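>>> Using only what follows, build the 3D model:
(chains A and B)
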Amino acid sequence: MPHISLPDHLPGITGLLEYRKDSAAPIRTLTQILLRGENSLSTGERELIATIVSHGNGCKFCTAAHTSAADILLGDNTVCDLIKLDILTSPVSQKMKGLLKIAAAVQKSGKHVTTDMVNFAKETGATDMEIHDTVLIASLFCLYNKYVDGLATVAPTDPEFYKNLGDRITSFGYERLPQGYDDLKK
Amino acid sequence: MPHIDLANDVPGIRSLALFRPDTGKELYRLAQVLLRDDSPLSQADRELIATFVSSKNECAFCTQSHAAAAKYLYHNDASLVDLVLADYQNAPISDKLKSLLTIAEKVQKDARLVSNEDIANARSHGANDRDIHDTVLISATFCMFNRYVDGLATLTPTDAQTYKDMGVRMGELGYNPPSNNG
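All right, here's what the predicted structure looks like:
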């Protein structure tokens, strides 16, 4: 049960973003820019960064939600499982391995990012902007994971829930839906 | 030296907002909403939570800049900021604020650690849903800012006066993104 009173029909982050809309607005827009805006990293690659950080923080809701989104965007539902096991042997590019390693370090602490990690990413083709965006996406998901778990929001156990959520965030993105979320009431 | 070429020589979060202004704008808007706009917690208390979390994350830039802002906002009680950073349980602050700092500290460490007992304790000292919500979100937000600032190894000034000036600016003007025009 959540630590504060939240709407039953909106588990996880959605209920929090509806609870306080003035703080939700910049968080939503920031996420939309970083995960869906124009970028030399694909939307699927950026969802992988969100997934590896959420997994590192042990945030069940965010991990399942962004795994679902990444699966859809990559058209492959094995990559997320493999990066969670071992980034270095997973079927992603050398550049993405470097960026995911940086993201995993940021999850622990900003100070864990080393010059060697950054040099590896640069040598495998990462630009300064890609390294910047990786660090900011990883930092943003630390915010989300801590927000979602710090208030003990509900993480549904039905896989169908996350499939639907993945469909929603890949179809509509991260800004608040204009019609709100009343249609999710049962 | 920063890990990437930020094309400016300003310190901390400002260098990042100049590097990527579109995300910088939203980050500053979030700081303004959480630390300056409506909340049952005072602006000074919210800056104190930001300082405390930044200190736990060992982010020198954010700790010193927000400590300076908190000191500015506490006026005559400025010394309590250092006392909280040293040992908040024995600092001259309310039991309610202590209970909220306990929650903020757990969010910083691992948010799953926030227990029903921590929440009940905060409520017994008068905290309501919004106090608890804002505490958790401020802590989570500074876990983001601290990682962003340190993850890219931004410049961290070492002289106290620089932070004192920053604190006055943050206290008087709030959070406005920097522009290339100065």
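>>> Might you name the residue of chain B sitting closest to chain A?
Using C-beta to the nearest C-beta, the point where chain B gets nearest to chain A is residue B:150, with a distance of 2.9 Å. Where you see a C-beta, it was placed from the backbone N, CA and C, and this is true even at glycine.
>>> Not counting its neighbours along the chain, what's nearest that residue?
residue A:110 (2.9 Å; C-beta to C-beta, 6 or more residues apart in numbering or on different chains).
>>> got a pLDDT number for that neighbour?
Looking at residue A:110, its pLDDT is 98.
>>> That one against residue A:142, yeah?
No: using C-beta atoms under 8 Å, residue A:110 is not in contact with residue A:142; the gap is 9.6 Å.
>>> Identify the residues contacting the residue in chain A positioned nearest to chain B.
In chain A, the residue that lies nearest chain B is residue A:110 (2.9 Å; C-beta to the nearest C-beta). Neighbouring residues of residue A:110 by C-beta atoms under 8 Å, 6 or more residues apart in numbering or on different chains: A:135, A:139, B:57, B:59, B:146, B:147, B:148, B:149, B:150, B:151, B:152.
>>> leaving aside the residues next to it on the chain, what's closest to the residue nearest the centre of chain B?
With distances taken as C-alpha atoms, centre = their mean, residue B:50 lies nearest the centre of chain B, 2.2 Å away. Closest residue in space to residue B:50, ignoring its immediate chain neighbours: residue B:66 at 4.5 Å, by C-beta to C-beta, 6+ apart.
>>> for residue B:126, same thing?
In this structure, residue B:126 finds its nearest non-sequential neighbour in residue B:96, 5.0 Å apart by C-beta to C-beta, 6+ apart.
>>> Contact partners for the one you found?
Residues in contact with residue B:96, defined by C-beta under 8 Å, 6+ apart, are B:122, B:125, B:126, B:127, B:131.
>>> element containing it, please.
helix B:95-110 (DSSP states H and E).
>>> buried stuff in that helix?
By neighbour count on 16 or more other C-beta atoms under 10 Å in any protein chain shown, the buried set for helix B:95-110 is B:96-108.
>>> want to try a markdown table for the residues you listed, with pLDDT as columns?
A markdown table is the format used below for the buried residues of helix B:95-110 (pLDDT from 0 to 100):
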| residue | pLDDT |
| --- | --- |
| B:96 | 98 |
| B:97 | 98 |
| B:98 | 98 |
| B:99 | 98 |
| B:100 | 98 |
| B:101 | 98 |
| B:102 | 98 |
| B:103 | 99 |
| B:104 | 99 |
| B:105 | 98 |
| B:106 | 98 |
| B:107 | 98 |
| B:108 | 98 |
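>>> hang on, the earlier thing: look up how far residue A:22 lies from the residue nearest to the centre of chain B.
Distance, residue B:50 to residue A:22, by C-beta to C-beta, to the nearest Å: 18 Å.
>>> could you point out which element follows the lengthiest helix in chain B?
As assigned by DSSP state H, the longest helix anywhere in chain B is helix B:129-151. Next helix or strand after helix B:129-151 toward the C-terminus (DSSP H and E): helix B:160-173.
>>> Not counting its neighbours along the chain, what's nearest residue A:47?
In space, and not counting its chain neighbours, residue A:47 is closest to residue A:70: 3.7 Å by C-beta to C-beta, 6+ apart.
>>> make that residue B:122, sorry
Counting by C-beta to C-beta, 6+ apart, the residue nearest residue B:122 is residue B:99, at 4.1 Å.
>>> Can you add neighbour count, pLDDT and secondary structure and give the contacts of residue B:96 back as CSV?
Listed next are those as CSV, based on neighbours: other C-beta atoms under 10 Å in any protein chain shown; pLDDT from 0 to 100; DSSP: H, G, I helix; E, B strand; the rest coil:
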residue, neighbour count, pLDDT, secondary structure
B:122, 25, 98, helix
B:125, 14, 98, coil
B:126, 12, 98, coil
B:127, 24, 98, coil
B:131, 23, 98, helix
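>>> Tell me which two of these sit farthest apart.
The span of these, defined through C-beta to C-beta, is set by B:125 and B:131 at 9.6 Å.
>>> and stretch B:134-141, how far out from the chain's middle?
9 Å (C-alpha atoms, centre = their mean, to the nearest Å).
>>> who's in contact with it?
A:20, A:23, A:142-147, A:150-151, B:30-31, B:34-35, B:39-41, B:46, B:49-50, B:53, B:100, B:103-105, B:107-108, B:111, B:114, B:127.
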